[in-house]
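Asks: Predicted structure and sequence below. I'll ask about it afterward.
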Amino acid sequence: MPRRIRVHLQSLPGDPALDTAVSRALLRRVGDGRAGESFRLHRPDDVVAFSPLDAAKPGFEGAVRAARAEGFAAVRRLAGGRAAVFHTETLAFAWCVPSQTPRAEIRARFDSMANLSARALIRLGVDARVGEVPGEYCPGAHSVNARGRTKLMGVGQRLVRGAAHVGGVFVVRDSERVRRVLVPVYRALGLSWDPATVGSVEEEIGPVTREEVAGALLEELGRESELIETEFEPELLDEARILAPEHRA
């Protein structure tokens, strides 16, 4: 019998901290058994998501100001890594997976999400590959790139007792906005990177929508799982509203 995954396709525009807190509330519920495995796909606001590593940098406050100067909100992200950009032409994902040994399965989850993402982009016509592009922002071995040259998807994890969150973002269109905000943000944080490594799905295959990328992802995810589209419960949103202030940078 295939495993069942609840799919959430709701976006929550207007409050980026609440948006992040919803994914955290989902993770908590999966971890303590109140909910089963969940996969969220949504349209984010214009946001720079900072990690705890970023927040510990002397230039963090300057980086937050730089993000806001470009019209981006600043939030504290769930996963580790470095500052990442979400905007309205990207597709954000949050996969909450139950696990009794979440730390032991970090690599397997990274492999699963990266390979799923690459297959979905290949389905759309992208020469998609798993691996870090030298000089990419928020670097990681499980990024998905195009032709080994530009980063299209970044992914990170957050662990809690009983579950793991695998979250990140696809740049569907408008890679220039990612470059424009990250140049001053990374300068403030004292991080080096190559803006030429930022790409988008549209730059690879021509006009494409978030819905088409989401559809390809869900088709790949549904090959071996039963997907059940589900609305957010009021109780989950109430829990997220309590958590939201912790994610405002």
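Replies: Structure received.

Asks: low pLDDT regions in this protein?
Replies: Under the criterion pLDDT under 70, no range of the chain is flagged.

Asks: hmm, try it at 90
Replies: The chain contains residues with pLDDT under 90 at 1-2, 78-81, 224.

Asks: Quick one: the strands in it, in order.
Replies: Residue ranges of the strands in the chain, as given by DSSP state E, are 3-8, 38-42, 47-50, 73-76, 84-86, 90-98, 128-130, 144-146, 150-160, 163-171, 225-229.

Asks: between the ones you listed, which one is nearest to residue 31?
Replies: When those are compared by Cβ to Cβ, strand 163-171 sits nearest residue 31, at 3.6 Å. The C-beta positions use only the backbone N, C-alpha and C, and glycine is treated the same way.

Asks: could you check the angle strand 150-160 makes with the closest one?
Replies: 160 degrees (axes from the mean of the first three to the mean of the last three Cα atoms, to 10 degrees).

Asks: quick one on the thing from earlier: of all the strands of the chain, which one is nearest residue 179?
Replies: Nearest of the strands of the chain (Cβ to Cβ): strand 84-86, 8.9 Å.

Asks: Show me what that closest one is packed against.
Replies: For strand 84-86, the packing partners by 3 or more Cβ pairs under 8 Å, 6 or more residues apart in numbering; DSSP states H and E come out as strand 47-50, strand 163-171, helix 175-189.

Asks: Save the ones you listed as CSV, and put in distance to residue 109 too.
Replies: Putting the helices and strands packed on strand 84-86 into CSV (distance: least, Cβ to Cβ, whole Å) gives the following:
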stretch, distance to residue 109
strand 47-50, 19
strand 163-171, 5
helix 175-189, 25
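
Asks: what's the most buried one of those?
Replies: strand 47-50 (a mean of 28; mean count of other Cβ atoms under 10 Å).

Asks: and that one, which strands flank it?
Replies: Partners of strand 47-50 in the sheet, by DSSP bridges, are strand 73-76 (parallel), strand 84-86 (antiparallel).

Asks: gap between the first one and the chain center?
Replies: In this case it means strand 73-76. 14 Å (Cα atoms, centre = their mean, to the nearest Å).

Asks: Output that strand in PDB, but only the C-alpha positions, please.
Replies: Taking Å, rounded to 0.1, in the frame of the first residue of the first chain, the C-alpha atoms of strand 73-76 are listed here in PDB:
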ATOM      1  CA  ALA A  73      11.000  41.300   4.300                       C
ATOM      2  CA  ALA A  74      13.500  39.600   6.600                       C
ATOM      3  CA  VAL A  75      12.600  36.400   8.500                       C
ATOM      4  CA  ARG A  76      14.400  33.700  10.500                       C
END
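
Asks: Can you give the contact residues for it?
Replies: Defining contact as Cβ atoms under 8 Å, 6 or more residues apart in numbering, one finds that strand 73-76 is touched by 16-17, 19-20, 45-52, 55, 63-64, 67-68, 246-249.

Asks: Spatially nearest residue to the residue positioned nearest the centre of the chain, not counting backbone neighbours?
Replies: With distances taken as Cα atoms, centre = their mean, the residue of the chain nearest its centroid is residue 168 (1.5 Å). In space, and not counting its chain neighbours, residue 168 is closest to residue 155: 3.7 Å by Cβ to Cβ, 6 or more residues apart in numbering.

Asks: Check the burial of the one you found by counting its neighbours.
Replies: Neighbour count of residue 155, defined by other Cβ atoms under 10 Å: 25.

Asks: how close does it sit to residue 15?
Replies: 24 Å (Cβ to Cβ, to the nearest Å).

Asks: thinking again about what came up before, narrow the contacts of strand 73-76 to those that are buried.
Replies: Neighbour-count burial (16 or more other Cβ atoms under 10 Å) applied to these gives 16-17, 19-20, 45-51, 55, 63-64, 67, 247, 249.
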